[in-house]
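Participant: Quick check, what structure comes out for this input:
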Amino acid sequence: MHWLVPMLVLMIGSFMAVLDSSIVNTAIPTMQKDLGASSDDIEWVSTGYTLALGVIVPISNWLGDRIGATMAHRLSMIGFALTSALCGLAWNLDSMIAFRVLQAIPGGILPVMTLTILYKIVPREKIGSAMGIYGLGVIVAPAIGPTLGGYIVEYLDWRLIFYINVPIGLLGAVAAYFLLPRMPRGETHPFDGWGFLTIGYGLFALLLATSKGQKWGWDSYPTLILIISGLLSLALFAVIENEVEYPLINLRVLANWPFVNSLLIISVLSIGLFAVSFYLPQFLQNGQAQTPLNAGLLMLPQALAMAVLMPVAGKIYDLFGPRWPALIGLAFAAYGTYLLSGINVDMTRQDVIVWTIVRAVGNGLAMMPIMTAGLNSLPSELTGFGSAINNIAQRVSSSIGLAGMGALVSTQSAQLSADQGALVQRSSSIPQIEQLVQQGGAALAGYYQEVQLHVLAAAYSEVFLTAAVLTAACIALAVTLRKPAAVPATATPAPVATPAPVARLAPVTRPAPVVTTARELAATSRILPLTEYAPEHDERHSDFRVDARV
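Facilitator: Numbering: from 1, shown residues only. Okay, here's the model as predicted:
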């Protein structure tokens, strides 16, 4: 397993980049106070990072070909460390947003380069085990983020969230220099400028619309303009990529159904993963008055469960293929998410731990076999494009999924609040309600707060129930998963065998004998065999030659 040590080095970069996305969300309230920002403006710390990621990921594969995959990975590690230091030094909100946008440039390149290098250094028969290790970074990092972020915010300084990336990134770059194999540059092509502009704007517009749609209104002109123009830009991108000689992203990968199938399932699982990591800690803090650290500690067991199961799932893939771990994992994930739909004000810590562990068992079994099956179905020359599209799909689906879940929470909360208000008015003659009215506004405020917590729990319950149904629906897609029997490759005509060229050397020469008589002339005339010629035979000569020198 000569690839194991390089694989661990690659995991450092992917873990660091993904962890940063989830850990920053925990520190947002504290950053808001220290930077003197409003609740609307502070959201751009996360939104700006997400938008920049959507723009930079599509060019990662081209950059890897231009300067070499290992060089791109190493420079991204150094760049992420330096831009993280700038984020820690931010002196106001504007500088923080600018530095976060800069941080997203290496943060978007790292995951794509990790997958590209992984598929070049790991034998295909061991790819499942390698992807299991890779999954420790991309799946466990979002789960462990709330715990680590809660501890840093509660006991240390929130700026340490960024400073901690500096030594990790620099040490990772040094380790990559010595331990990752040198990969030459790929075949360089002209940069697809129009393709970059169209996909960059399309993803930017869609991500911005989904991030701000709930606040601006989903039927508002800015939101609708962004959505429509973004979709049109992506459609134009598809047209351009099918016409240019050297596309930015080869859309042939989308003609491969096993890959598209894996994208659909991974997108649904990503929505559920980010929905749980976003809404559950919120409810634990707002609904049950848990501190950020305690809320994070309750989320830690699920991270440990996934950390244990990821390598196991990779080994299962190598032995049996993706179908069974995917089917069993999706069933567990759907059931665990369904259990979370029982969220309420009175739930115990044991409830939270058991529900999230059941769900984590499913994610740990299913995620990497499904992703591996999709990427493994692509020809080797398309793996880089596949990894880029895979990262884009995860980013876009999680953003759109959270926006959709947020709209569902708002709609359900408004409806349930109206229902509760009407119920209180109809029940105003109940002695308990009359007593609260007589006690004054403070008593009614407490009652209203209690009602709102139950309303919030009911709205979050709808979110988790929706995620459970979507996850269960993916079981039907997982039935078609299979392990590729052989490594696909682009069909090329078999080379025609041609005889090796024969070297041409001068014929052997001998000193001409002195001939004085006809008898001597006859004696010196003989046929020279081919062995007295050099091995390189010239077709212009016959197979033998008479040497009759006078």
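Participant: Tell me which residues are up against stretch 262-271.
Facilitator: 326, 330, 333, 363, 366-367, 370-371, 373-375, 377, 389-390, 393-394, 397-398, 401-402, 405, 467, 470-471, 473-474, 477-478, 481 (CB atoms under 8 Å, 6 or more residues apart in numbering). In short, each C-beta sits where N, CA and C put it, glycine included.
Participant: What distance do you get for the residue most central in space within the chain to Gln282?
Facilitator: Centroid-nearest residue in the chain: Asn391, 3.6 Å away (criterion: CA atoms, centre = their mean). To Gln282, Asn391 is 26 Å away according to CB to CB, to the nearest Å.
Participant: Is it correct that Ala90 falls within a strand?
Facilitator: No. Counting by DSSP: H, G, I helix; E, B strand; the rest coil, Ala90 is not part of a strand but coil.
Participant: sorry, back to before: starting from Leu110, give me the distance back to the residue nearest to the centre of the chain.
Facilitator: Asn391 is 10 Å from Leu110, by CB to CB.
Participant: just Val101 next, same as before
Facilitator: On the measure of CB to CB, Val101 and Leu110 end up 16 Å apart.
Participant: do Gly230 as well
Facilitator: Distance from Gly230 to Leu110, by CB to CB: 25 Å.
Participant: who's more crowded, the two?
Facilitator: Legend: neighbour count by other CB atoms under 10 Å for Gly230 and Leu110, higher for Leu110 (27 against 20).
Participant: Make sure I have this right: the more buried one is in a helix.
Facilitator: Yes. Counting by three-state DSSP, Leu110 is part of a helix.
Participant: okay, it: pLDDT?
Facilitator: Leu110 carries a pLDDT value of 87.
Participant: buried ones in stretch 81-93?
Facilitator: Ala81, Leu82, Thr83, Ser84, Ala85, Leu86, Cys87, Gly88, Ala90, Leu93 (16 or more other CB atoms under 10 Å).
Participant: which helix is the longest one in this protein?
Facilitator: helix 383-426 (DSSP state H).
Participant: who's in contact with the residue nearest to the centre of the chain?
Facilitator: Taking CB under 8 Å, 6+ apart, one finds Val57, Ser60, Gly108, Pro111, Val112, Leu115 in contact with Asn391.
Participant: And the second one, how far from Gln282?
Facilitator: Ser60 sits 32 Å away from Gln282 when distances are taken as CB to CB.
Participant: Which one's more surrounded, these two?
Facilitator: Neighbour tally, Ser60 and Gln282, criterion other CB under 10 Å: the higher count belongs to Ser60, 27 against 16.
Participant: Quick check, the more buried one in contact with Gly108.
Facilitator: Yes. If you go by CB atoms under 8 Å, Ser60 and Gly108 touch, sitting 6.5 Å apart.
Participant: tell me the SS of Lys33?
Facilitator: Lys33 ends up helix, using three-state DSSP.
Participant: number of nearby residues for it?
Facilitator: So Lys33, with other CB under 10 Å, has 10 neighbours.
Participant: Take the contacts of Asn391 and write them to JSON lines, including distance to Asn25.
Facilitator: Shown next, in JSON lines, are the contacts of Asn391 (distance: CB to CB, whole Å):
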{"residue": "Val57", "distance to Asn25": "20"}
{"residue": "Ser60", "distance to Asn25": "24"}
{"residue": "Gly108", "distance to Asn25": "18"}
{"residue": "Pro111", "distance to Asn25": "18"}
{"residue": "Val112", "distance to Asn25": "23"}
{"residue": "Leu115", "distance to Asn25": "25"}
